[in-house]
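[1] structure for the following, please:
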Amino acid sequence: MTIDPSKISTSITPFAMIDEHSALPQEQEILFTMHSVFRIVEITQAPSNSRIWEVQLTITDESDPQLARLTNRIKEEISGRGWHRMGQLMLKVGHFDQAEELYNELLKGASDDSDRAFIYHMLAIMKNRQGKYPEAIEFYEKSLKVYEQILSPNDPELATAYNNIGTVYDNMGEYSKALEFYEKSLKIREKALPPNHPDLASSYNNIGSAYGSMGEYSKALKYYEKSLKIKEISLPPTHPDCASTYSQFGRVYRSLKEYSKALSYFEKCLEIFKKTLPEKHPNLAITYSYIGDVHRLIGDYERALAFHQKALNIQENVKCNPLERATTYMNLGETYREMKDYTTALTYYEKGLKIREEKLAKTHPDLAVIYHNMSKLYFSTQKYSMAMKYVQQAVEIGQEKLPATHPHLVEYRETFEKIRKKQ
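    Numbering: from 1, shown residues only. All right, here's what the predicted structure looks like:
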């Protein structure tokens, strides 16, 4: 631990040497004030014991420009007063049960329609993050009904409501509908906000996500680049929103089979999340799973399994979106299938499928992905009737929900033809 007096304000002394007053003066004890802040310099494994890690810290305070910028940004994001602010903080760190309990209590004491609309909006955000999409839409519609009555057509709050509804439809696999709401939001924001406002970055990011899901990867990258350009100007470099955009880039490059680029972006995302989020945060878990999947795609199965296990260590032990856990199960299934361990692969596919069938609409594109993977497994084990059953389900969903040229649908049809020739 390092204390450099030149790096802290002269108006405060955040520590005191208390060895003269200690029962054990030889220990040279130091007492730090509450809310002292330290910068992590380095984390290294102790050479004498692999189970011990040494963390090098240096003290800092509000005179640190990067800390001041980050603190101010957090204050902007966690707005409001009292319990409303506490609710937003709970959502940010993933404490959904406590947030729901708090907002339900606040709803009972809401004084007017505007207050109720805000609470409905926050409950909708929470339900979306939990993967409870129909409930999220229900709360958003309640909120939007009030906002459309009390706000002007170009109010940024209305844009936020449209944007968030789009996010839920995106998660439900209704990509065209999501894009419609994202564009309504962007239209307002481009009129009402300065060109480098973070909410514009959010709109560009979400439109990119919709295009990525629709298989239009060049359009997705274009919007992600617009989003990142704003975030790099308006946000601290370690802000979790920057990490989220890096993750989006990683997913597109993974789909484009540019695996080194994908891995680079996922690792940038992970680096930020590790610095800014609790170690058991769901965002860390899904990032581990994405990194594991890239290692699978480049044939490094040992590292793939290690990253997927890190993901499950979080996802199976904390409250998180079960659909993200399903993604990890599916990625593990793919890894074991490619390793030709078909029994283990099927176990993980079935775990993932169970969650997705419970949580998603019957025609959600993410169900098609796992049906297709299972068809490939049954093809490899020469169970062609089972393989045909699952690939038909994948093709039917793809034809209903995806553009005709979507790479996933093209692949489903190719697998269908390959299986048909074996029957």
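[2] quick check on residue 401: phi, psi?
    Main-chain dihedrals, residue 401, degrees, to the nearest 10: phi -110, psi -20.
[3] oops, could you answer that again for residue 255 instead?
    phi -70, psi -30.
[4] from residue 327, how far out is the closest residue to it other than its chain neighbours?
    Among residues not flanking residue 255 along the chain, residue 217 sits closest, at 6.0 Å (Cβ to Cβ, 6 or more residues apart in numbering). All C-beta spots, glycine's among them, are computed from the backbone N, C-alpha and C. According to Cβ to Cβ, to the nearest Å, residue 217 and residue 327 sit 19 Å apart.
[5] pick out whichever of these two has more residues nearby.
    Taking neighbours as other Cβ atoms under 10 Å, residue 217 and residue 327 compare with residue 327 leading, 25 against 17.
[6] does that one count as helix, strand or coil?
    Here residue 327 takes the helix state, with states given by DSSP: H, G, I helix; E, B strand; the rest coil.
[7] contact partners for it?
    By Cβ atoms under 8 Å, 6 or more residues apart in numbering, the contact set of residue 327 is 286, 289, 352.
[8] mind checking pLDDT for the second one?
    At residue 289, the predicted lDDT confidence score is 97.
[9] surely it is in contact with residue 330?
    No: judged on Cβ atoms under 8 Å, residue 289 makes no contact with residue 330 at a distance of 9.2 Å.
[10] out of these two, which sits in the busier spot?
    Higher neighbour count among residue 289 and residue 330: residue 289, with 27 against 24, using other Cβ under 10 Å.
[11] so that one is in which element?
    helix 282-297 (DSSP states H and E).
[12] give me the buried positions along stretch 405-423.
    By 16 or more other Cβ atoms under 10 Å, the buried positions in stretch 405-423 come out as 406, 408-409, 412, 415-416, 419.
[13] give the burial count for the residue lying closest to residue 401 once chain neighbours are set aside, as a bare number.
    In space, and not counting its chain neighbours, residue 401 is closest to residue 365: 5.1 Å by Cβ to Cβ, 6+ apart. Close neighbours of residue 365, defined as other Cβ under 10 Å, add up to 23.
[14] same check on residue 67?
    15.
[15] hmm, back to that, for the helix holding residue 289, name the packing helices and strands.
    With contacts defined as 3 or more Cβ pairs under 8 Å, 6 or more residues apart in numbering; DSSP states H and E, the packing partners of helix 282-297 are helix 240-255, helix 259-276, helix 301-315, helix 322-338.
[16] alpha carbons of the one helix or strand residue 183 maps to, as CSV, please.
    Counting by DSSP H and E, the element that carries residue 183 is helix 175-192. The C-alpha trace of helix 175-192 is given here as CSV (Å, rounded to 0.1, in the frame of the first residue of the first chain):
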residue,chain,number,x,y,z
TYR,A,175,-36.4,-7.3,-34.1
SER,A,176,-38.5,-5.3,-36.6
LYS,A,177,-40.7,-4.1,-33.8
ALA,A,178,-37.7,-3.3,-31.6
LEU,A,179,-36.2,-1.3,-34.5
GLU,A,180,-39.4,0.7,-34.9
PHE,A,181,-39.3,1.8,-31.2
TYR,A,182,-35.5,2.5,-31.4
GLU,A,183,-36.0,4.8,-34.4
LYS,A,184,-38.9,6.7,-32.7
SER,A,185,-36.6,7.3,-29.8
LEU,A,186,-33.7,8.4,-32.0
LYS,A,187,-35.9,10.8,-33.9
ILE,A,188,-36.7,12.6,-30.6
ARG,A,189,-33.2,12.5,-29.3
GLU,A,190,-31.6,13.9,-32.4
LYS,A,191,-33.9,16.9,-32.1
ALA,A,192,-33.7,17.4,-28.4
